[in-house]
Structure formats: C-alpha cells, structure tokens
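In: For reference, the sequence and a predicted model appear below.
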Amino acid sequence: ELVLTQSPGTLSLSPGETATLSCRASQSISSSYSAWYQQRRGQAPRLLIYATSTRATGIPDRFRGSGSGRDFTLTISRLEPEDFAVYYCQQYDSSPTWTFGQGTKVEIK
Amino acid sequence: EVRLEESGGGLVQPGGSLRLSCGASGFVFRASWMSWVRQAPGKGLEWLANIAYDGSAKYYVASVRGRFTISRDNAKDSVYLEMDNLRVDDTAVYYCTRVSTTGYENFESWGQGTLVTVSS
C-alpha cells in the first residue's frame, strides 16, 4: 500500500517569503504520477502541478514542483495572500490506486 | 469551461443508501475517465473510485469496495456514485473529478462537492 507523508504539517510564513513543502512516498514512484493540489478555505481543491514539475493551466510560475523516486517538493516563492491554504500531494501506483498525502497548511505568521 | 456539478447529498441513517450524481459540461465527457474523491470534516482528501471513459473498467479504494458502485451515462454526461450500507465514518464532502486526459493520473477538474452526513 502506497503511503504519502507530507511535512511539515503546518508552515507559518509571512507574505513574500518562500514555502517549501515535502512529500515522501513509501515506495519509489514514477515522476509522471506526482501531483500537487491547493485547497483554499471553503473551496474545492484545484490542480497546481502534475508530472512532478508541470504547472496546470493558469498556475503562476511562483509555484514549482520537483523531485524523483520517493521524495517530491512543492516550492512557492514570494507568497501572496491567496497562497495561504492547504496543499496536498497525490501519487498514482499501478495497483491501480490514487493516494493523497495528509496535507500541509501554509498559514500567515 | 469545464463544469462539474454534484447533487444528491444529504442526511442518511447508518446502514442506509444514497446515490450521488455529477453532471458534466464543457468537455468531451465520453472521452474522459471520471472519479469520486471525498473529504471528511476537517480531514484530508481520499480517492474513492474511478471509471473508464466507456465504463469498461472501475477501480475502488479498499474501504468502499463492495459498498459503493461508480457508474456513468455518457448520453447524459453524468457520473454516479451509489453508496450502500453507509457508516458514520462515510460522512464527508464528496467531490466529482475529471481524471487527467494526458495520462498523468491526476484529477484535473473538480466540482464544488456535495455533503453526505451519516447519522442517526
């Protein structure tokens, strides 16, 4: 069973700072199948990054995804007020199953 | 513009059944895999089920396999989730999603969700 562990649970930062979010998989995953989602309070999630580093339509270049194997990272540069939200990583394995991490909350310090 | 609109949520007693619907527009529905994802109050996201574009393949997370059934009607641009033997821990917002058409196995579009509350 694939398990995704996100860290930290909460990140307290100020606007303009850089957020670095981590997602570690319990087994090695193809980089084609790693994605990140943003969920603002009271809203549905939306796709930010897929295939590890490709930004979804309309996502600003402040959002950058990277990683390989078991470790994947979402970096948000120059935090804007609208970026304070919960972020989920998601990966796919060939079982097939689609798995989410437990989420990282980026909050205003 | 891609639109997904869920309906059918509500209050149901433990052991009861409910059928969720999701109407789609703005894309070629019959060419898209579809999925249901849920979120319990204050918790994270949980993938539940996927269905192939023609309904020929269906996949479920272990916790709902045998209780939930995903289906679709391409003539109505709709996907459904039939939920039986509901438990208190099935209480959640249920999202309909469109699976990536590029083969990258992510959820590229989401509805606003419908709330299911299982309680006596």
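Out: Great, that's in hand.
In: quick one: contacts for the residue most central in space within chain B?
Out: With distances taken as Cα atoms, centre = their mean, residue B:36 lies nearest the centre of chain B, 2.7 Å away. Neighbouring residues of residue B:36 by Cβ atoms under 8 Å, 6 or more residues apart in numbering or on different chains: B:20, B:22, B:47-49, B:68, B:70, B:79, B:81, B:94-97. Yep, even glycine has a C-beta here, placed from its N, CA and C like the rest.
In: give me the subset of those touching chain A.
Out: B:47, B:95 (Cβ under 8 Å from any Cβ of the partner chain).
In: bridging residues for the most centrally placed residue in chain A?
Out: By Cα atoms, centre = their mean, the mean C-alpha position of chain A lies nearest to residue A:36, the distance being 3.7 Å. Under the criterion DSSP bridges, residue A:36 forms beta bridges with residue A:49, residue A:89.
In: That one and residue A:45 touch, don't they?
Out: No - counting by Cβ atoms under 8 Å, residue A:36 stays clear of residue A:45, with 9.9 Å between them.
In: Can you check which residues contact both of the two?
Out: Common neighbours of residue A:36 and residue A:45, using Cβ under 8 Å, 6+ apart, are residue A:88.
In: Roughly how far does residue B:15 sit from chain A?
Out: 27 Å (Cβ to the nearest Cβ, to the nearest Å).
In: Spell out which residues of chain A are next to chain B.
Out: Counting by Cβ under 8 Å from any Cβ, chain A comes close to chain B at A:32-33, A:35, A:37, A:39, A:44-47, A:50-51, A:54, A:56, A:88, A:90, A:92, A:96-103.
In: Go again with 7 Å.
Out: Neighbours of chain B within chain A, by Cβ under 7 Å from any Cβ of the partner chain: A:32-33, A:35, A:44-47, A:50-51, A:56, A:88, A:90, A:92, A:96-100, A:102-103.
In: Just the ones of those residues in helices?
Out: Per DSSP state H, helices hold no members of these.
In: Which parts of chain A are strands?
Out: Taking DSSP state E as the test, the strands found in chain A are A:4-7, A:10-13, A:19-25, A:34-39, A:46-50, A:54-55, A:63-68, A:71-76, A:86-93, A:97-100, A:104-108.
In: got a list of contacts for the shortest one?
Out: Counting by Cβ atoms under 7 Å, 6 or more residues apart in numbering or on different chains, the neighbours of strand A:54-55 from elsewhere in the structure are A:49, A:61, A:63.
In: Could you spell out the sheet neighbours of it, each with its direction?
Out: If you go by DSSP bridges, strand A:54-55 pairs up with strand A:46-50 (antiparallel).
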